[in-house]
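*Asks:* Starting from these lines, generate the structure:
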Amino acid sequence: MSGDPHLIHGMGTGLEAPSWPAITPDEAEAVLSRFPQAGRLEALEWHSPRPFSSAALARTDRGELFLKRHSRRLRSPEGLAQEHAFIAHLASKGQPVADLLVAENGATALAQGDWTWEIHRKAQGLDLYRDRQSWTPFIEPGHAFAAGAALARLHRAAEGFAAPARPVQPLVTSLSILPAPDPLAAARTYIAARPALATYLADKPWQAELSRLFAALDLPALQPLLAAQPKLWTHNDWHPSNLLWSVEGEVATVLDFGLSDRTCALHDLATALERVAVRWLELGPDGTAITEPEDALALLSGYASVTPLTPQDRDLLARLLPLVHVEFALSEADYFHGVLGKAQDADLAWHGFLIGHAEWFLTAEGQDLLALVRNAALPHT
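*Replies:* Model prediction:
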């Protein structure tokens, strides 16, 4: 390890000091001793720049491991149990997911002080996007195609995992507002279940803002289509840096199921599109953004090469894409205001990510992207 200070990806394009301190060798040794298969620590070789938890690659006398440490205000061992059960289900269906170690108590997550820990064996594949932030595009359209195909295979494998939706906790991509018969009433229920979010929104005209967006983006037409979709546990954070790659450009391992929950397949695909089809971090003050139509088409083509997308599916995707970030943006505002006490970041989640992104789809550039998602011919299918 170098002596440089550990920095993480901020909410913009730069690096910043972490909200959660880097894992220390003493901490790593202590937690490794509680996982009988882990071995003795030799070195911490890399610290992740991802912002919502602390993670590090460790070398032990039994191999390389990925250590992940969460604040217990974000995740308890019980809160990780469903996520780990989903990973185990996917592994049983042959999906390339990381292998979780079992702790001394028989669980795959344990509490230690103020933290909750999980340990994975180092996953197979090249970490080509390690230093890239979310909402940045693929290196090449071939990766987008491979990612789309891998997402469709994951959705097929997820069928049969019948766990209920995760209980209320910060930083989960749920789906309870948009498909509800009364989305504003569902939003009120969502917010009331999160007291910190309710406090943050108390002085904001949030009901009027959501009502305006829902009308402008024709949620009444989307709602029954979305409500009719089969429920499915999904990844919900499908972007290039959550995937490891083979030298041939295929997906070797799927990482980071931290936002996973019970939604539906098209919601997950729309989330993946939202992550890579627009360079949100480069959104200009005049509302202009740089779209990635080639990546968007390649992602859709890859998905359709495994699971065909009907015209109705693509119409639903185009209707959903502008609003797909609503619940996670609320969850982010809840996290930043209630857990970190960072008002500026909570404002960015609410004004920038939720309202700003949705409004961008009403611009000519946004409408062009939606028309492409809805109508453009998909190559290679």
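*Asks:* confidence score at the residue nearest to Glu292 when sequence neighbours are not counted?
*Replies:* Using Cβ to Cβ, 6 or more residues apart in numbering and skipping residues adjacent in sequence, the residue nearest Glu292 is Pro137, 4.6 Å away. From N, CA and C alone the C-beta is placed, and that goes for glycine too. pLDDT for Pro137: 85.
*Asks:* Share the number of residues neighbouring Pro137, please.
*Replies:* By other Cβ atoms under 10 Å, 22 other residues sit near Pro137.
*Asks:* Please name the residues that touch it.
*Replies:* By Cβ atoms under 8 Å, 6 or more residues apart in numbering, the contact set of Pro137 is 240, 276, 279, 292, 295.
*Asks:* before we move on, which element is it in?
*Replies:* For Pro137, there is no helix or strand it lies in under DSSP states H and E.
*Asks:* Determine which two of the contacts of Pro137 are furthest apart.
*Replies:* Pro240 and Arg279 (12.9 Å; Cβ to Cβ).
*Asks:* Can you pull the residues that touch both of the two?
*Replies:* With contacts taken as Cβ under 8 Å, 6+ apart, the residues that reach both Pro240 and Arg279 are 136-137.
*Asks:* Of those two, which one has the most company?
*Replies:* Using other Cβ under 10 Å as the criterion, Pro240 and Arg279 rank with Pro240 on top: 21 against 15.
*Asks:* Excluding sequence neighbours, find me the nearest residue to that one.
*Replies:* The shortest distance from Pro240 to any non-neighbouring residue, by Cβ to Cβ, 6+ apart, is to Tyr129 (4.2 Å).
*Asks:* Show me the shaky parts of the stretch 201-350 of the chain.
*Replies:* Scanning the stretch 201-350 of the chain with the threshold set as pLDDT under 70 gives 286-287, 289.
*Asks:* cool, the stretch 1-150 of the chain as well?
*Replies:* 1-4, 7, 10-13.
*Asks:* ranges for the helices of it?
*Replies:* All helices of the stretch 1-150 of the chain, identified by DSSP state H, counting those that start in this stretch, fall at 25-32, 77-92, 141-158.
*Asks:* thought Phe52 was touching Ser134?
*Replies:* No. Using Cβ atoms under 8 Å, Phe52 makes no contact with Ser134, being 10.7 Å away.
*Asks:* So these two - more neighbours on which side?
*Replies:* Counting neighbours by other Cβ under 10 Å for Phe52 and for Ser134 shows that Phe52 has the greater number, 21 against 17.
*Asks:* From Gln82, how far out is the more buried one?
*Replies:* For Phe52, the distance to Gln82 (Cβ to Cβ, to the nearest Å) stands at 18 Å.
*Asks:* go on, Tyr190?
*Replies:* 19 Å.
*Asks:* same deal with Ala149?
*Replies:* Ala149 is 26 Å from Gln82, by Cβ to Cβ.
*Asks:* next one: Ala215
*Replies:* Counting by Cβ to Cβ, the gap from Ala215 to Gln82 is 35 Å.
*Asks:* same thing with Asp268?
*Replies:* Asp268 is 16 Å from Gln82, where distance means Cβ to Cβ.
*Asks:* Of those two, which one has the most company?
*Replies:* Between Asp268 and Gln82, counted using other Cβ under 10 Å, Asp268 has the larger neighbour count: 28 against 20.
*Asks:* Let me know the secondary structure of that one.
*Replies:* Here Asp268 is recorded as helix under DSSP: H, G, I helix; E, B strand; the rest coil.
*Asks:* can you give me the strands in the stretch 201-350 of the chain?
*Replies:* Assigned by DSSP state E, counting those that start in this stretch, the stretch 201-350 of the chain shows strands spanning 231-234, 243-245, 251-254, 261-264.
*Asks:* So Trp46 is in contact with Ala58, correct?
*Replies:* No. The criterion here is Cβ under 8 Å, and Trp46 misses it with Ala58 at 9.0 Å.
*Asks:* So which of the two has more stuff around it?
*Replies:* Each of Trp46 and Ala58 has its neighbours counted (other Cβ under 10 Å); Ala58 has more, 25 against 15.
*Asks:* Show the contacting residues for that one.
*Replies:* Contacts for Ala58 (Cβ under 8 Å, 6+ apart) come out as 28, 32, 41-45, 64-67.
*Asks:* what do you get if the cut-off is 6 Å, keeping everything else the same?
*Replies:* Counting by Cβ atoms under 6 Å, 6 or more residues apart in numbering, Ala58 touches 28, 44, 65, 67.
*Asks:* How about it: what's its closest non-neighbour residue?
*Replies:* Nearest non-adjacent residue to Ala58, counting by Cβ to Cβ, 6+ apart: Leu65, 4.9 Å away.
*Asks:* before we move on, what about Ala216?
*Replies:* That would be Leu362: by Cβ to Cβ, 6+ apart, it lies 6.1 Å from Ala216.
*Asks:* ok, now Pro170?
*Replies:* With Cβ to Cβ, 6+ apart as the criterion, Pro170 has its nearest non-adjacent residue at 4.2 Å, and that residue is Tyr335.
*Asks:* I'd like to know how far that neighbour sits from Arg75.
*Replies:* From Tyr335 over to Arg75 the distance is 12 Å, taken as Cβ to Cβ.
*Asks:* before we move on, what about Ala58?
*Replies:* Going from Ala58 to Arg75 by Cβ to Cβ gives 20 Å.
*Asks:* go on, Glu274?
*Replies:* Going from Glu274 to Arg75 by Cβ to Cβ gives 24 Å.
*Asks:* do the same with Asn242
*Replies:* According to Cβ to Cβ, Asn242 and Arg75 sit 17 Å apart.
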